[in-house]
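# Build me a structure from this.
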Amino acid sequence: MKNLCIVLSALIALTLFSGSAFAYLQPNVNLGFTSFLDGGPPAGPGHYISEYLQYYSADELVGGPPGKGEVDAWILMNQYIYQSDHPVLFGGKWGLNVMLPIVSLDVDSLDLTDNGTGLGDLLVGPYVQWDPIMGEKGPLMLNRIELQTIFPTGDYDESKNLNQGSNHFSFNPYWAATVFLGPKATVSWRLHYLWNDENDEFTAGDKSPFKVDLKPGEAVHANFTAAYEVMPKQLRLGINGYWFDQISETKVNGVDADDDEKVFAIGPGMVYHFSQDSHLFANAYFESSAENRPEGARYNLRFVHHF
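As a prediction, this is how the structure comes out:
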């Protein structure tokens, strides 16, 4: 009888929170923030500061509420990286990555509400960076593994549909690599796995009077690029993209919710090297094939400096 009551309560919750309530549930993750030459830090051991400015705009809310709707987001990502010179695993050297975003949200929809401007969730990632695999004419490959954890420190208002913070832990490890196809051509990727903990304070926004336990499904996502050096040691041009694919069902009070999120994006990009210590990345992404999430365009600037 107890188990039957639990199932019935979950089914009632699924009915009341159906449709748009169970779209857009995944935490904010790295979609297009990183791109070219991602397999290793550009100047070896030391301290790095990176500043990102990303603008996202979508006028199609796939799987969301009926009718027209728009979402705009500005993200200022602040990143500190320390790359040591001390081997710890098969010659790989340890490092630490810390990221804290400031996020401004603006949604224009009769059924969705946003939480304005505030701090996003804190990301902390210890990693191991391996030295370049060398060939006869130079490097062949750079690669790194990072164990990222997303902590629920960001702003979260249970009465809002879109928030800066997710209100739950996430584990988001990745493998990043750059392969040198010759003296001028490179391909890079960053492949993530995403596991989400439970948010026990989820509601369907200000129109919902009560809470449910919500556990977003697991997912895989990746950034990928191909670049060609057009100005020696200064400018690389190329294409960049990302994809996100939810691979397990979201749970609502322990019951599956049919709301898997997917998206694919591709566009042009560049990286300009002011020196070995200072680099500027610019990327544009145009989304397609979205399911249960907004579909739009993303524009990214990233400046990296090594001390």
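# Bridging across strands, which residues link to Asn300?
Gln54, Asn283 (DSSP bridges).
# My read is that it contacts Gln54, right?
Yes: counting by Cβ atoms under 8 Å, Asn300 does reach Gln54; the two are 4.6 Å apart. Placement of C-beta: from N, CA and C, glycine included.
# any residues in contact with both of those two?
Common neighbours of Asn300 and Gln54, counting by Cβ atoms under 8 Å, 6 or more residues apart in numbering, are Gly32, Phe33.
# more crowded one of those two?
Between Asn300 and Gln54, counted using other Cβ atoms under 10 Å, the more crowded position is Asn300 (24 against 21).
# I'd say Phe224 and Ala265 touch.
No: contact between Phe224 and Ala265 fails when scored by Cβ under 8 Å: they sit 10.3 Å apart.
# Neighbour count for the two, which is higher?
Applying other Cβ under 10 Å to Phe224 and Ala265 shows that Ala265 carries more neighbours, namely 24 against 17.
# Stretch 233-243 - what's its average pLDDT?
Average pLDDT, stretch 233-243: 97.
# That one: how far from the chain's middle?
Put simply, stretch 233-243 sits 18 Å off its chain's centre (Cα atoms, centre = their mean, to the nearest Å).
# Which residues does it contact?
Here stretch 233-243 has contacts from 31-32, 35-37, 186, 221-230, 262-273, 283, 285, using Cβ under 8 Å, 6+ apart.
# okay, and the helix or strand of this structure with the least pLDDT?
Lowest by mean pLDDT, DSSP states H and E among the helices and strands of the chain is helix 2-16, with a mean of 42.
# what bits of the protein have low per-residue confidence?
Along the chain, segments meeting pLDDT under 70 span 1-23, 67, 204-209.
# Strands of the stretch 201-307 of the chain, start to end?
Remark: strands assigned in the stretch 201-307 of the chain by DSSP state E, counting those that start in this stretch are 212-215, 219-231, 235-246, 250-252, 255-257, 262-273, 278-291, 294-306.
# any chance of those strands in a markdown table, plus distance to Ile75?
Shown next, in a markdown table, are the strands of the stretch 201-307 of the chain (distance: least, Cβ to Cβ, whole Å):
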| stretch | distance to Ile75 |
| --- | --- |
| strand 212-215 | 23 |
| strand 219-231 | 15 |
| strand 235-246 | 14 |
| strand 250-252 | 24 |
| strand 255-257 | 27 |
| strand 262-273 | 15 |
| strand 278-291 | 13 |
| strand 294-306 | 9 |
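# Just the buried positions in stretch 72-92, please.
Going by neighbour count (16 or more other Cβ atoms under 10 Å), the buried part of stretch 72-92 is Asp72, Ala73, Ile75, Met77, Gln79, Ile81, Gln83, Gly92.
# with those residues in mind, which one is nearest to Val179?
Val179 lies nearest to Gly92 out of the buried residues of stretch 72-92, by Cβ to Cβ, at 17.6 Å.
# Can you tell me how far that closest one is from Phe36?
22 Å (Cβ to Cβ, to the nearest Å).
# so Thr117 touches Leu76, yeah?
No: with contact defined as Cβ under 8 Å, Thr117 does not count as touching Leu76 (10.0 Å).
# shared neighbours, the two?
With contacts taken as Cβ under 8 Å, 6+ apart, the residues that reach both Thr117 and Leu76 are Ile102, Val103.
# give the contact list for Leu140.
For Leu140, the contacting residues are Pro132, Ile133, Met134, Val179, Phe180, by Cβ under 8 Å, 6+ apart.
# repeat that for 10 Å
By Cβ atoms under 10 Å, 6 or more residues apart in numbering, Leu140 lies in contact with Pro132, Ile133, Met134, Thr178, Val179, Phe180, Leu181.
# and if you look at Val88?
Taking Cβ under 10 Å, 6+ apart, one finds Trp94, Gly95, Pro126, Val128 in contact with Val88.
# Tell me the strands beside the one helix or strand it maps to, with direction?
Counting by DSSP states H and E, the element that carries Val88 is strand 70-89. The strands beside strand 70-89 in its sheet (DSSP bridges) come out as strand 46-61 (antiparallel), strand 92-108 (antiparallel).
# out of the ones you listed, nearest to Gly254?
strand 46-61 (27.4 Å).
# Which positions within that closest one qualify as buried?
Buried positions in strand 46-61, judged by neighbour count with 16+ other Cβ under 10 Å: Tyr48, Ser50, Tyr52, Gln54, Tyr56, Ala58, Leu61.
# Kindly report the same for stretch 294-307.
Going by neighbour count (16+ other Cβ under 10 Å), the buried part of stretch 294-307 is Pro294, Glu295, Gly296, Arg298, Asn300, Arg302, Val304, His305, His306.
# Mind putting the residues you listed into JSON lines with distance to Tyr156?
JSON lines is the format used below for the buried residues of stretch 294-307 (distance: Cβ to Cβ, whole Å):
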{"residue": "Pro294", "distance to Tyr156": "19"}
{"residue": "Glu295", "distance to Tyr156": "25"}
{"residue": "Gly296", "distance to Tyr156": "23"}
{"residue": "Arg298", "distance to Tyr156": "23"}
{"residue": "Asn300", "distance to Tyr156": "25"}
{"residue": "Arg302", "distance to Tyr156": "26"}
{"residue": "Val304", "distance to Tyr156": "30"}
{"residue": "His305", "distance to Tyr156": "32"}
{"residue": "His306", "distance to Tyr156": "34"}
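# Appreciated, that's everything.
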